[in-house]
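Trainee: Have a look at this prediction, sequence included:
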Amino acid sequence: MKKYFTILDLGVMAINKNIAVFGITLGVILAFANVVLRYFFEMSITWAGELTNYLFMWSALFGAAYGFKKGVHISVTMLLEMLPPMMAKIIMMGAHLFSCLYLALMAYFGYELVLMLIDFGEMSIDLRIPMWIPHLVLPFAFIGAAFRAGEKIFEVAATDADKVVVNSELETLHDSLEIRGVKDVNA
């Protein structure tokens, strides 16, 4: 069973990361090319703006889902640090459960939106594609993020209560840099 979850974990992580990187890279290249064409050749790609918006949207949402895995989302732990470790652990698990349920709900609403757009048959103005295609990002990215938030529940549950709350972002950064071989953060 653990092997199955490891493969699923790697698959979800690869999808999230690759779509985020591909979307931002292609979006920047397309926007840059359109600016160059507009200012130097007095012409532009009519569909570039719309596609760039969709690429950035996909990149941001899949990048956010990837951020759950890496633990890069902002969290305020000041109050948790004042609580007994077991209470802080329970509250963190509850917060991750709330996040998981919220993200799953957003995935469901994204799915409903895609179905509604399919029924309406609405087309994009410049790209001339059905509007449900770019909006597929909503159910897919939010279900990926919900999976990651659910995964965090089990990670916190398996961690000792004394080690759950990180004391500060600076200590986390310091520990991360030490692992990578950097000796002094202030140097």
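Mentor: Alright, I've got the coordinates.

Trainee: low-scoring stretches of the protein, by residue?
Mentor: The chain contains residues with pLDDT under 70 at 1, 74, 166-187.

Trainee: Tell me which residue is most central in it.
Mentor: Centroid-nearest residue in the chain, with Cα atoms, centre = their mean: Ala64, separated by 1.5 Å.

Trainee: so who does that one touch?
Mentor: 73, 141, 145 (Cβ atoms under 8 Å, 6 or more residues apart in numbering). Quick note: C-beta positions are derived from backbone N, CA and C, even for glycine.

Trainee: from these, which single one is nearest Ser59?
Mentor: Closest approach between the contacts of Ala64 and Ser59, by Cβ to Cβ: Ala141, at 9.9 Å.

Trainee: Which residue, neighbours along the chain excluded, lies closest to the closest one?
Mentor: With Cβ to Cβ, 6 or more residues apart in numbering as the criterion, Ala141 has its nearest non-adjacent residue at 3.6 Å, and that residue is Leu61.

Trainee: residues contacting the one you found?
Mentor: 137-138, 141-142, 145.

Trainee: Quickly find the element holding it.
Mentor: According to DSSP states H and E, Leu61 maps onto helix 48-70.

Trainee: For the closest residue to Ser124 other than its chain neighbours, give me phi and psi.
Mentor: Of all residues not flanking Ser124 in the chain, Met131 sits nearest, at 5.7 Å (Cβ to Cβ, 6+ apart). Backbone torsions of Met131, given as degrees, to the nearest 10, read phi -70, psi -20.

Trainee: Repeat that for Pro130.
Mentor: The phi and psi values for Pro130, taken as degrees, to the nearest 10, are phi -60, psi 140.

Trainee: List the contacts of it.
Mentor: 117-118, 121-124.

Trainee: Closest one of those residues to Ala33?
Mentor: Once Cβ to Cβ is applied, the member of the contacts of Pro130 that ends up nearest Ala33 is Ser124, at 19.7 Å.

Trainee: residues near the closest one, how many?
Mentor: Using other Cβ atoms under 10 Å, Ser124 is surrounded by 15 other residues.

Trainee: Just name the closest of the contacts of Pro130 to Leu103, please.
Mentor: Leu117 (20.8 Å).
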